[in-house]
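Participant: Need a 3D model of the following:
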Amino acid sequence: MKAIVTFTEMFVKDVNKENSVIVELFGRIVNVLFKIFLSAGIPYFIYLLLEFSNRF
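Facilitator: Residues are numbered from 1 along each chain as shown. Sure thing, here's the model as predicted:
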């Protein structure tokens, strides 16, 4: 239980700092996820455009 409290205190101290490691890590994760969704979404969008252009 004491380890959890210590980890929580370290987490809060790091998040409240100006150059937080945890906030930078979350930012990198979000950027990578955005690039993955974007790169997966563009071919699907092109496929949808081609499918609907042939039906009308």
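Participant: element containing the residue positioned nearest the centre of the chain?
Facilitator: Nearest to the geometric centre of the chain sits V30, at 1.8 Å (C-alpha atoms, centre = their mean). Per DSSP states H and E, V30 falls inside helix 21-55.
Participant: follow-up on the earlier one: the residue nearest to the centre of the chain and V23, how far apart?
Facilitator: To V23, V30 is 11 Å away according to C-beta to C-beta, to the nearest Å. Placement of C-beta: from N, CA and C, glycine included.
Participant: where do the contact lists of those two overlap?
Facilitator: Counting by C-beta atoms under 8 Å, 6 or more residues apart in numbering, no residue touches both V30 and V23.
Participant: Tell me how far the helix holding V30 lies from the chain's centre.
Facilitator: Here the centre of helix 21-55 is set off from its chain's centre by 11 Å, with C-alpha atoms, centre = their mean, to the nearest Å.
Participant: any weak-confidence spans in this structure?
Facilitator: 55-56 (pLDDT under 70).
Participant: again, only this time at 90
Facilitator: Applying pLDDT under 90 to the chain flags the ranges 1, 18, 48, 52-56.
Participant: For the helix holding V30, enumerate the helices and strands it packs against.
Facilitator: helix 2-16 (3 or more C-beta pairs under 8 Å, 6 or more residues apart in numbering; DSSP states H and E).
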